[in-house]
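Student: I'd like to go over a predicted model; first the sequence, then the structure.
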Amino acid sequence: MHSSILVTCALLFSCALSAAQNVQIHQVPIKPTSWASGQQMYREYCAACHGENATGDGPAASACTFRPRDLTKLAAQNGGKFPFDHFYTVMQFGTQLSTPAHGSADMPIWLPLLSSLNGDREGPAMQRMHNLASYVASLQAK
């Protein structure tokens, strides 16, 4: 379990720590954050790729295989309602592009990573995902 966490973190942080032309993978553990602050989790875990404003233009975006999604348009692309269920599914299981048949989408599968912050307990990880989703929902373009 912990080796998969390091590998997933390595992918995330390699994007954050490298330029597009000179990608280097660094294995680092996930940095603990407050479970209560969706904003803090977003800044620590998501902003490198998705950007400070969640528009998909983070400093590591150019190093990713696929352009990170503009998270401010999730509600608009879902009939005006933030797609909490879809957000949780991606956090728990990754994207459809993260299967071997389709290559890597660079997006880590977050449930095991977030679980590792609380002794591999899934309950606190689900609360973290809820708080993160609520923060991203608050960023939706009007």
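Tutor: Here it is on my side, so go on.

Student: going forward, measure contacts between C-alpha atoms and count neighbours the same way
Tutor: Noted.

Student: Pull the contacting residues for D57.
Tutor: By C-alpha atoms under 8 Å, 6 or more residues apart in numbering, D57 lies in contact with 49-51, 68, 70.

Student: Any stretches of the chain with poor pLDDT?
Tutor: 1-28, 96-106 (pLDDT under 70).

Student: pull the longest helix from it.
Tutor: Assignment by DSSP state H gives helix 122-138 as the longest helix of the chain.

Student: For that helix, name the packing helices and strands.
Tutor: helix 38-41, helix 84-93, helix 110-116 (3 or more C-alpha pairs under 8 Å, 6 or more residues apart in numbering; DSSP states H and E).

Student: Could you identify which of those helices is most buried?
Tutor: With neighbours defined by mean count of other C-alpha atoms under 10 Å, none of these is more surrounded on average than helix 110-116, at a mean of 22.

Student: who touches it?
Tutor: Contact with helix 110-116 is made by 1-2, 5, 30, 91-94, 120-126, 128, as judged by C-alpha under 8 Å, 6+ apart.

Student: how deep is the residue lying closest to P83 once chain neighbours are set aside tucked in, by neighbour count?
Tutor: The spatial neighbour of P83 that comes closest, neighbours along the chain excluded (C-alpha to C-alpha, 6 or more residues apart in numbering), is A75 at 6.4 Å. Here the number of neighbours of A75 (other C-alpha atoms under 10 Å) works out to 18.

Student: list the contacts for A75?
Tutor: When contacts are counted by C-alpha under 8 Å, 6+ apart, A75 is found next to 81-83, 137, 140.

Student: In these, find the pair that's most separated.
Tutor: Longest distance between any two of the contacts of A75 is 11.1 Å, between P83 and Q140; criterion C-alpha to C-alpha.
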